[in-house]
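S.K.: Sequence and predicted structure are below.
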Amino acid sequence: MSHLNVGGLPSFPGESRVNRGVIPFPVNSDPVGLAPKTTGPSLPRPTDIRIADIELTTEDFLYRTPIKFGGVALDRVTMLYAQVTVESPAGKRAAGRSSMPLGNVWAFPTKELVYGQTLQAMQLVAHEARDVYLNAKLVGHPIEITWELEHQFLERAKKIAAQLHLNVPIPPLATLVAASPVDAAIHDAYGKLHHLNCYSTYSKEFLDNDLGRFIGAEFAGVRLDEAITTAPSPTMPLYHLVGALDPIFPEEVTHPVGDGLPESLVDWIRSDGLTHLKIKLNGDLIDWDVQRVLAVNKASDIVATERGHGGWQFSLDFNERCQTVDYLLDFLNRLRGLNPTAYQRIAYIEQPTARDLAANRNQVIRAASELLPVVIDESLVDLDSLQLARELGYTGVALKACKGQSQSLIFAAAASHLGMSLCVQDLTCPADSLIHSAGLAAHIRGVAAIEANSRQYCPAANRGWDERFPGIFTIRNGRMPTAQLNGLGLGAW
């Protein structure tokens, strides 16, 4: 589609404008041979941007202590950094930055490949996404640009899998994670170009923000900015991660790290004044899972007695390892019978069964969600997965910055419109990726708490950030002071 210079506004010769009427393909669709439906050329906006340059770099960190994902103990992370330069029709430029852990163990779980293979694949996907953004030469709002190009990232991922001779496909989730730093850096640059926090750039002043144009007629009339606040929540309680390998009580610490940070859950609760705990569970060892929650509850009661007050909330994360819904129901019934107080403290359960919902339609979660809220996490990659999750009985949505700023905002608005609860979860994000993730949680209506695991597992990547953002990287009184997350762009730089 060629660009039309309408109404005397400046244009980018040779560039393509995002068509305002495009409804892109769902993320899991195969667009080969199909053409997007359009409503004809649209008027240019003086607020639009084109992407002038993208630079990608990586950095590796060792974890302070291992963290377990889906049965795999992880002791390291590769951070992907993106710097994006954007330009306005008037020739004004701004640079945006972002980062994200590649999180290949979580995003690309497989027994067929080793760690280095899945990491390499995601790094190559990131560079392919960079090329897609640059070669498309689109002009528009960051959400419009990413939404129109996302299906190309997935097509490129298929080619990379073939080039590397992988015997398994690269999952859509892994593709979204690999592309997410570029998407976020575009939002960062866009906000800086307009001297605004990016959450002030999602109104009708900057784009046609009707969800119908992005995800179909069912959402016509639903505005993107209805789910977003321009000012962040002033403060939010922090969900502290209790990993499956983490000591609960001081006497369980057999190999202390000795770096001055807390060594056990009891120590962390006392140090940070915690009230919200996210408990990692196995999903295939029911006695262990029940006893783990009881142990965490006991630790909470010990500190509550010292404080003179409680107010605990737990979330349970099975990392999709429950083979059946009956396992989850049995777990909940046992826990409630042994300790009703521990059961009552559960605020919600994160996706307990397999992430491939289409292949596991028999895993109807409704019997569990009638007892406690159950949120979709790993499965949420597109509109189809959101709708199927509702059909199977999921009542909430876990948003993650690592799936992309653009997608997170669109599905926050869609899920809210569908009456689903919202939470924002962490991928052990350090440094500016934590600012991004925390900002997302603080600006989406209905999100009640926040996650920030890097202070536990990867503090080396956070060095120097406490001085710039007091209280974000070192928690006191169990809460994060999120009012400060209102700088230009994503607010980190």
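M.R.: Cool, the structure landed. Please read all numbers here as calculations on a predicted model, not as lab measurements. Numbering: from 1, shown residues only.
S.K.: Tell me where the stretch 301-450 of the chain has helices.
M.R.: Taking DSSP state H, counting those that start in this stretch as the test, the helices found in the stretch 301-450 of the chain are 325-338, 340-344, 366-369, 383-391, 405-417, 431-443.
S.K.: Nearest to the spatial middle of the protein, which residue is it?
M.R.: residue 400 (1.2 Å; C-alpha atoms, centre = their mean).
S.K.: re the thing from before, what would the helices of the stretch 301-450 of the chain look like in CSV with mean neighbour count, mean pLDDT and distance to residue 350?
M.R.: (Glycine included, C-beta is placed from N, CA and C.) As requested, the helices of the stretch 301-450 of the chain are arranged in CSV below (neighbours: other C-beta atoms under 10 Å; pLDDT from 0 to 100; distance: least, C-beta to C-beta, whole Å):
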stretch, mean neighbour count, mean pLDDT, distance to residue 350
helix 325-338, 17, 98, 11
helix 340-344, 15, 98, 16
helix 366-369, 17, 98, 12
helix 383-391, 18, 97, 12
helix 405-417, 24, 98, 15
helix 431-443, 27, 98, 15
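S.K.: Of all the ones you listed, which one is nearest residue 65?
M.R.: Put simply, out of the helices of the stretch 301-450 of the chain the one that sits nearest residue 65 is helix 431-443, at 18.0 Å, with distance taken as C-beta to C-beta.
S.K.: Who are the packing partners of that closest one?
M.R.: On a contact count with 3 or more C-beta pairs under 8 Å, 6 or more residues apart in numbering; DSSP states H and E, helix 431-443 meets strand 93-101, helix 405-417, strand 421-425, strand 450-451, helix 465-468.
S.K.: Now distance to residue 223 too, for the ones you listed, in a markdown table please.
M.R.: Formatted as a markdown table, the entries for the helices and strands packed on helix 431-443 read as follows, by distance: least, C-beta to C-beta, whole Å:
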| stretch | distance to residue 223 |
| --- | --- |
| strand 93-101 | 24 |
| helix 405-417 | 7 |
| strand 421-425 | 16 |
| strand 450-451 | 25 |
| helix 465-468 | 33 |
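S.K.: closest to residue 393 out of those?
M.R.: The closest of the helices and strands packed on helix 431-443 to residue 393 is strand 421-425. By C-beta to C-beta, the value is 13.4 Å.
S.K.: Contacts made by that closest one with the rest, please.
M.R.: Among residues not part of strand 421-425, those counted as contacts by C-beta atoms under 8 Å, 6 or more residues apart in numbering are 227, 315, 348, 350, 373, 375, 377, 395-401, 412, 415-416, 437, 440-441, 444-451.
S.K.: mean confidence score for that strand?
M.R.: Across strand 421-425, the average pLDDT comes to 97.
S.K.: What angle do helix 431-443 and that strand make with each other?
M.R.: 170 degrees (axes from the mean of the first three to the mean of the last three C-alpha atoms, to 10 degrees).
S.K.: and strand 421-425, C-alpha only, in CSV?
M.R.: These are the backbone C-alpha positions of strand 421-425, laid out as CSV (Å, rounded to 0.1, in the frame of the first residue of the first chain):
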residue,chain,number,x,y,z
SER,A,421,-9.8,-10.7,36.2
LEU,A,422,-6.3,-9.3,35.5
CYS,A,423,-2.9,-9.8,37.0
VAL,A,424,0.6,-8.9,35.7
GLN,A,425,3.4,-11.5,36.3
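S.K.: still on that earlier bit, could you count how many residues lie near the closest residue to the residue nearest to the centre of the chain other than its chain neighbours?
M.R.: Distances taken as C-beta to C-beta, 6 or more residues apart in numbering place residue 425 nearest to residue 400, at 5.4 Å, with adjacent residues excluded. Counted with other C-beta atoms under 10 Å, the neighbours of residue 425 add up to 23.
S.K.: circling back to that earlier point, nearest to residue 99, of the helices of the stretch 301-450 of the chain?
M.R.: Minimum separation from residue 99 across the helices of the stretch 301-450 of the chain (C-beta to C-beta) falls at helix 431-443, 4.7 Å.
S.K.: Kindly calculate the angle that that closest one makes with helix 405-417.
M.R.: The directions of helix 431-443 and helix 405-417 differ by 20 degrees, with the same axes, to 10 degrees as the criterion.
S.K.: Helix 431-443: how far from the chain's middle?
M.R.: Taking C-alpha atoms, centre = their mean, to the nearest Å, the mean C-alpha location of helix 431-443 is offset from the chain mean by 10 Å.
S.K.: could you pull out the strands for the chain?
M.R.: Per DSSP state E, the chain has strands spanning 16-17, 49-69, 72-87, 93-101, 138-140, 236-242, 276-280, 313-317, 346-350, 374-376, 396-400, 421-425, 450-451, 479-480. These are given in chain order.
S.K.: who does the fourth one touch, helix- and strand-wise?
M.R.: Under the contact criterion of 3+ C-beta pairs under 8 Å, 6+ apart, the helices and strands touching strand 93-101 comprise strand 72-87, helix 172-193, helix 431-443.
S.K.: Return the last one as PDB; C-alpha atoms alone will do.
M.R.: So the one you mean is helix 431-443. Below are the C-alpha coordinates for helix 431-443, written out as PDB (Å, rounded to 0.1, in the frame of the first residue of the first chain):
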ATOM      1  CA  ALA A 431      16.900  -3.500  35.700                       C
ATOM      2  CA  ASP A 432      14.800  -1.600  33.000                       C
ATOM      3  CA  SER A 433      12.800  -4.800  32.200                       C
ATOM      4  CA  LEU A 434      11.500  -4.600  35.800                       C
ATOM      5  CA  ILE A 435      10.600  -0.900  35.300                       C
ATOM      6  CA  HIS A 436       8.700  -2.000  32.200                       C
ATOM      7  CA  SER A 437       6.900  -4.900  33.900                       C
ATOM      8  CA  ALA A 438       6.100  -2.900  37.000                       C
ATOM      9  CA  GLY A 439       4.800   0.000  34.900                       C
ATOM     10  CA  LEU A 440       2.500  -2.300  33.100                       C
ATOM     11  CA  ALA A 441       1.100  -3.600  36.400                       C
ATOM     12  CA  ALA A 442       0.700  -0.100  37.800                       C
ATOM     13  CA  HIS A 443      -1.100   1.300  34.800                       C
END
